[in-house]
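# next input, structure requested:
(one chain, ligands or ions: 3)
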Amino acid sequence: MILLLDAGNTRLKWGLRQAGAWRARGALERERIGDLPHALRQALPAGQGLQRILFCNVAGPEVAAAVAQALVPLSPGLENFLATPEAAGVRNGYARPAQLGADRWAALVGAWNQERRPCLVVNAGTALTIDVLLEDPERPGHGYFAGGCILPGFDLMRGALNRHTAQLPLAEGDFAELPRSTDAAIVSGCLHAQAGAVERLYRQLPPGSPCLLSGGGAAQLDECLDPALPVRRVDYLVLEGLARVADLPAVA
Ligand SMILES: Nc1ncnc2c1ncn2[C@@H]1O[C@H](COP(=O)(O)OP(=O)(O)OP(=O)(O)O)[C@@H](O)[C@H]1O
Ligand SMILES: CC(C)(CO)[C@@H](O)C(=O)NCCC(=O)O
Ligand SMILES: [K+]
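Ligands and ions are numbered 1, 2, ... in the order given. As a prediction, the model looks like this:
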């Protein structure tokens, strides 16, 4: 059994994989990382241990330490997954490839290996990331991460308005094309900004390319995207990419 871990800034997502298939997946709030061994023991078939742990972390050293600590009783040792210039058939176009968030890189690897064609890779989490994945002009059949954007996620956007103004509440409610209340104006303003950025970056792709949407905010964002956009909702895209890397034969 292999354990794949995606530590984001809000939640830790985990997946157990065996013989190329998921045995179990789940998510924990970052304050509940101590519950990870319990969740894993419930999911692991009796008598089965972990052969390998692949850890993708963009949440900093404290979270890394908490995860390592929680896994001591189970752990064969954590392998850190980091962005590299190339992985599993995808080339990283960042000026400094190692600067790219490991979660974005894993999602891009997962996306290419699912789609094998250009796509927009969107993760609506604590941050919203919108990444352009093309076919590599230098290596047909391979993926090329051509660049992408980082925005505040929905909660960060509406939270910033609330914290830094006198009159704006922590808005709740539904999206409206043309809002007529303060709450709707804030909720819709944040979602218009996010959807607009997705639709603008989508212009970088060949017409008809899929837009892969994942993360805790995916459903909410999906509701206000242009219906003409070919959206594909993918749960746990980062874990899919990590699984692809873990399933590869080790480089000698
Ligand atoms: N039920 C929900 N309805 C609407 N939006 C939601 C919901 N749950 C989460 N979100 C939005 O999703 C974003 C964060 O999602 P979540 O807490 O699942 O983090 P995540 O996708 O695990 O991100 P990270 O990888 O950064 O931890 C926030 O912007 C939040 O507003
Ligand atoms: C953008 C986030 C926060 C998204 O989780 C993460 O991928 C990150 O910290 N990235 C590092 C910077 C970058 O990707 O350019
Ligand atoms: K994040």
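# tell me the pLDDT at the residue in the chain that ligand 2 sits nearest to?
Proximity of the chain to ligand 2 (Cβ to the nearest ligand atom) peaks at Gly101, 1.9 Å away. To be clear about C-beta, it is placed using only N, CA and C from the backbone, and glycine gets the same treatment. Looking at Gly101, its pLDDT stands at 98.
# so it sits against Thr129, correct?
Yes: contact criterion Cβ atoms under 8 Å: Gly101 and Thr129 qualify, at 7.3 Å.
# right, and the helix or strand after the strand or helix carrying Val109?
In the assignment (DSSP states H and E), Val109 maps to helix 102-115. Following helix 102-115 in sequence order, the next helix or strand is strand 119-124 (DSSP H and E).
# show me how far that following strand is from its chain's centre.
On the basis of Cα atoms, centre = their mean, to the nearest Å, strand 119-124 sits 8 Å off its chain's mean C-alpha point.
# downstream neighbour of it in the secondary structure list?
With DSSP H and E, the next secondary element past strand 119-124 is strand 127-135.
# near ligand 2 at all, that next one?
Yes: contact of strand 127-135 with ligand 2 (Cβ under 6 Å from any ligand atom) involves 127, 129.
# just stretch 151-163 next, same as before
No: judged by Cβ under 6 Å from any ligand atom, stretch 151-163 stays clear of ligand 2, getting no closer than 8.7 Å.
# which parts of that stretch are buried?
151-154, 157-158, 161 (16 or more other Cβ atoms under 10 Å).
# ok, now stretch 29-36?
Quick answer for stretch 29-36 (16+ other Cβ under 10 Å): 30, 33, 36.
# which residue does the stretch 1-150 of the chain bring closest to ligand 1?
Gly8 (2.0 Å).
# related to what we said a few turns ago, spatially, what comes nearest to the residue of the chain closest to ligand 2 if we skip its sequence neighbours?
Val58 (4.9 Å; Cβ to Cβ, 6 or more residues apart in numbering).
# look at Ala66 and tell me its secondary structure.
helix (DSSP: H, G, I helix; E, B strand; the rest coil).
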